[in-house]
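[1] below is the structure, and that's it, no one-letter string:
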């Protein structure tokens, strides 16, 4: 089982969240890495059983490069049935994680609710919440892998 945490961070806040989420996943013995969306490769996405995506919010939306990543890159991997999670930091309104989760659902991903939104720079308590999301991702992945798949469905 593998998980990838993809982020776009303008001030480092969403990056800190992504790293804490990846640490939470790894704490449950699931391979995980946090990676900037600029550096992610299609093989990383295709080879992951869970994909968490994070973006800061700018003018009530996710950042434009992240929207393009979601619509073009992630969608091209056909992530239907994969586990998804959305997160991000914000300074005013915080819609980006909600929009990311909606796009994931539209692609057929199984999205963990609620999305994780943190105001400004994550505190130690906030980072613990991020780590907890990572633990949830890992536990849901493990549970999903133990659930029998219907005949003819790849696991």
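    Everything's here; your move. This one's a predicted model, so the numbers in the text were calculated from it and none came from an experiment.

[2] what is the mean pLDDT for the longest helix anywhere in the chain?
    Selection of the longest helix in the chain by residue count, based on DSSP state H, yields helix 124-146. What helix 124-146 shows for mean pLDDT is 94.

[3] centre-most residue in the protein?
    residue 52 (1.1 Å; Cα atoms, centre = their mean).

[4] beyond the helix or strand harbouring it, next helix or strand please.
    Assigned by DSSP states H and E, residue 52 belongs to strand 50-55. Sequence order places strand 57-58 as the next helix or strand after strand 50-55, per DSSP H and E.

[5] where's that next one relative to the chain centroid, distance-wise?
    17 Å (Cα atoms, centre = their mean, to the nearest Å).

[6] and the strands in the chain, which stretches?
    2-8, 31-36, 50-55, 57-58, 61-62, 83-90, 110-111, 116-119 (DSSP state E).

[7] kindly compare burial across those and name the winner.
    strand 50-55 (a mean of 29; mean count of other Cβ atoms under 10 Å). Placement of C-beta: from N, CA and C, glycine included.

[8] what helices and strands are in contact with it?
    Secondary-structure packing of strand 50-55 (3 or more Cβ pairs under 8 Å, 6 or more residues apart in numbering; DSSP states H and E): strand 2-8, helix 13-26, strand 83-90, helix 96-106, helix 124-146.

[9] reformat the ones you listed as CSV; add distance to residue 37.
    Output for the helices and strands packed on strand 50-55, formatted as CSV (distance: least, Cβ to Cβ, whole Å):
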stretch, distance to residue 37
strand 2-8, 5
helix 13-26, 10
strand 83-90, 12
helix 96-106, 11
helix 124-146, 17
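
[10] all good on my end, thank you.
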